[in-house]
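# how does the following fold in three dimensions:
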Amino acid sequence: MNIKKSVAKWMPVKLVSSDDFNTDMNNIAWNNAGLSVWYIKEGGDWIQKTLTANDWDICTDLVANSGRIYKVLFSASELDTLGGFNYTVYLTGAVTYDGYFEIVNNTNDDIADLVNALNDFDPDTDKVLLNDVTQGQIDDIETKLDGISTDNITPIGE
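Numbering: from 1, shown residues only. From the prediction side, this is the model:
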(Lines give C-alpha, C1' and ligand atoms only; values in the text may rest on other atoms or scores of the structure.)
Protein backbone atom coordinates (compact mmCIF):
# COMPACT_ATOMS: atom_id res chain seq x y z
CA MET A 1 0.00 0.00 0.00
CA ASN A 2 1.22 3.53 -0.80
CA ILE A 3 0.64 6.44 1.58
CA LYS A 4 1.10 10.10 0.67
CA LYS A 5 4.15 11.72 2.26
CA SER A 6 3.47 14.10 5.16
CA VAL A 7 -0.29 13.43 5.29
CA ALA A 8 -1.72 11.96 8.51
CA LYS A 9 -3.19 8.48 8.03
CA TRP A 10 -5.14 5.94 10.10
CA MET A 11 -3.77 2.39 9.80
CA PRO A 12 -5.45 -0.87 10.86
CA VAL A 13 -4.53 -3.05 13.82
CA LYS A 14 -5.96 -6.52 14.56
CA LEU A 15 -5.26 -7.86 18.02
CA VAL A 16 -5.82 -11.52 18.96
CA SER A 17 -4.91 -13.52 22.05
CA SER A 18 -1.45 -15.08 22.20
CA ASP A 19 -2.99 -18.02 24.11
CA ASP A 20 -4.97 -19.44 21.18
CA PHE A 21 -4.03 -17.08 18.28
CA ASN A 22 -7.75 -16.70 17.61
CA THR A 23 -9.68 -14.92 20.36
CA ASP A 24 -10.13 -11.22 19.66
CA MET A 25 -8.77 -8.73 22.17
CA ASN A 26 -11.82 -6.55 22.77
CA ASN A 27 -12.15 -2.91 23.81
CA ILE A 28 -8.47 -2.08 24.23
CA ALA A 29 -8.12 1.60 25.15
CA TRP A 30 -5.25 3.84 24.00
CA ASN A 31 -3.94 4.06 27.57
CA ASN A 32 -3.96 0.30 28.30
CA ALA A 33 -0.83 -0.36 30.37
CA GLY A 34 0.27 -3.25 28.14
CA LEU A 35 -0.16 -1.43 24.81
CA SER A 36 2.66 0.14 22.82
CA VAL A 37 3.12 1.19 19.20
CA TRP A 38 6.51 1.38 17.52
CA TYR A 39 7.47 2.52 14.03
CA ILE A 40 10.52 2.82 11.82
CA LYS A 41 10.98 5.08 8.80
CA GLU A 42 13.17 4.23 5.82
CA GLY A 43 16.80 4.40 6.98
CA GLY A 44 15.86 5.26 10.56
CA ASP A 45 15.65 3.64 13.97
CA TRP A 46 12.63 2.24 15.82
CA ILE A 47 10.66 4.93 17.64
CA GLN A 48 8.00 4.36 20.28
CA LYS A 49 4.87 6.34 19.44
CA THR A 50 3.37 8.30 22.28
CA LEU A 51 -0.29 7.31 22.12
CA THR A 52 -3.06 9.75 22.94
CA ALA A 53 -6.82 9.39 22.88
CA ASN A 54 -6.76 11.13 19.49
CA ASP A 55 -4.58 8.59 17.69
CA TRP A 56 -5.94 5.20 18.86
CA ASP A 57 -9.48 4.12 18.17
CA ILE A 58 -11.76 1.14 17.98
CA CYS A 59 -13.19 0.70 14.48
CA THR A 60 -16.80 1.17 15.49
CA ASP A 61 -17.58 2.10 11.88
CA LEU A 62 -17.17 -1.61 11.11
CA VAL A 63 -20.22 -2.65 13.13
CA ALA A 64 -19.61 -6.39 12.85
CA ASN A 65 -16.05 -5.88 14.11
CA SER A 66 -16.82 -3.27 16.76
CA GLY A 67 -14.31 -3.56 19.55
CA ARG A 68 -12.13 -6.10 17.73
CA ILE A 69 -10.32 -4.09 15.06
CA TYR A 70 -8.43 -0.97 15.97
CA LYS A 71 -6.74 1.85 14.12
CA VAL A 72 -3.72 3.96 14.93
CA LEU A 73 -3.18 7.46 13.54
CA PHE A 74 0.26 8.34 12.26
CA SER A 75 0.81 12.09 12.05
CA ALA A 76 2.10 14.02 9.04
CA SER A 77 5.46 14.46 10.79
CA GLU A 78 5.72 10.71 11.43
CA LEU A 79 5.07 10.09 7.71
CA ASP A 80 7.60 12.62 6.40
CA THR A 81 10.22 10.24 4.94
CA LEU A 82 9.96 8.55 1.55
CA GLY A 83 10.30 4.77 1.44
CA GLY A 84 9.29 1.89 3.67
CA PHE A 85 7.41 2.46 6.94
CA ASN A 86 6.96 -0.40 9.39
CA TYR A 87 4.82 -0.29 12.49
CA THR A 88 4.42 -2.84 15.27
CA VAL A 89 1.75 -2.97 17.94
CA TYR A 90 2.47 -4.81 21.17
CA LEU A 91 -0.18 -5.70 23.73
CA THR A 92 0.40 -7.89 26.76
CA GLY A 93 -1.36 -11.19 26.10
CA ALA A 94 -1.81 -10.54 22.37
CA VAL A 95 -0.02 -11.60 19.22
CA THR A 96 2.24 -8.79 17.99
CA TYR A 97 0.68 -6.95 15.03
CA ASP A 98 2.98 -5.79 12.23
CA GLY A 99 2.04 -3.39 9.44
CA TYR A 100 3.96 -2.03 6.47
CA PHE A 101 3.42 0.53 3.72
CA GLU A 102 5.41 2.71 1.35
CA ILE A 103 5.50 6.48 1.72
CA VAL A 104 5.45 8.17 -1.68
CA ASN A 105 5.55 11.72 -3.01
CA ASN A 106 2.19 13.43 -3.30
CA THR A 107 2.60 14.54 -6.90
CA ASN A 108 0.38 11.98 -8.64
CA ASP A 109 -2.37 12.17 -6.04
CA ASP A 110 -2.19 15.97 -5.92
CA ILE A 111 -2.50 16.18 -9.69
CA ALA A 112 -5.40 13.72 -9.58
CA ASP A 113 -7.08 15.83 -6.86
CA LEU A 114 -6.63 18.93 -8.97
CA VAL A 115 -7.96 17.26 -12.12
CA ASN A 116 -10.94 15.89 -10.18
CA ALA A 117 -11.74 19.44 -9.10
CA LEU A 118 -12.09 20.57 -12.70
CA ASN A 119 -15.34 22.33 -13.28
CA ASP A 120 -15.22 23.53 -16.84
CA PHE A 121 -13.03 24.44 -19.76
CA ASP A 122 -13.61 27.94 -21.06
CA PRO A 123 -13.04 27.89 -24.84
CA ASP A 124 -13.15 31.71 -24.98
CA THR A 125 -10.08 32.07 -22.76
CA ASP A 126 -8.57 28.62 -23.45
CA LYS A 127 -8.33 28.07 -19.68
CA VAL A 128 -9.55 25.43 -17.23
CA LEU A 129 -11.90 26.81 -14.56
CA LEU A 130 -11.74 25.35 -11.06
CA ASN A 131 -14.17 25.53 -8.15
CA ASP A 132 -12.82 25.94 -4.62
CA VAL A 133 -9.16 25.93 -5.68
CA THR A 134 -6.95 28.87 -4.80
CA GLN A 135 -4.03 30.29 -6.72
CA GLY A 136 -1.79 29.16 -3.86
CA GLN A 137 -2.88 25.56 -4.38
CA ILE A 138 -2.18 25.86 -8.11
CA ASP A 139 1.25 27.33 -7.35
CA ASP A 140 1.92 24.41 -4.97
CA ILE A 141 1.04 21.91 -7.72
CA GLU A 142 3.28 23.79 -10.15
CA THR A 143 6.16 23.53 -7.67
CA LYS A 144 5.56 19.79 -7.33
CA LEU A 145 5.61 19.46 -11.11
CA ASP A 146 9.11 20.95 -11.19
CA GLY A 147 8.12 24.16 -12.92
CA ILE A 148 5.76 22.79 -15.56
CA SER A 149 3.57 25.75 -16.45
CA THR A 150 0.03 25.97 -15.12
CA ASP A 151 -0.67 29.22 -17.00
CA ASN A 152 -3.82 27.80 -18.54
CA ILE A 153 -5.37 26.90 -15.19
CA THR A 154 -7.39 29.67 -13.57
CA PRO A 155 -9.21 29.45 -10.22
CA ILE A 156 -12.77 30.75 -10.29
CA GLY A 157 -13.29 33.91 -8.28
CA GLU A 158 -9.71 35.14 -8.31
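
# where's the closest residue to residue 51 other than its chain neighbours, which helix or strand?
Residue nearest to residue 51 in three dimensions, not counting chain neighbours: residue 30, with 4.8 Å by CB to CB, 6 or more residues apart in numbering. Where you see a C-beta, it was placed from the backbone N, CA and C, and this is true even at glycine. Residue 30 is part of no helix or strand, with elements assigned from DSSP states H and E.

# so residue 30 makes contact with residue 56?
Yes. Counting by CB atoms under 8 Å, residue 56 is a contact partner of residue 30 at 3.4 Å.

# okay, the two: which has more neighbours?
Remark: of residue 30 and residue 56, residue 56 carries more neighbours, 22 against 16, as counted by other CB atoms under 10 Å.

# ok so residue 139 is a strand residue?
No. Residue 139: not assigned to a strand; according to DSSP: H, G, I helix; E, B strand; the rest coil it is helix.

# what are the buried residues along stretch 74-84?
Neighbour counts using 16 or more other CB atoms under 10 Å place 74, 78, 79, 81 of stretch 74-84 among the buried residues.
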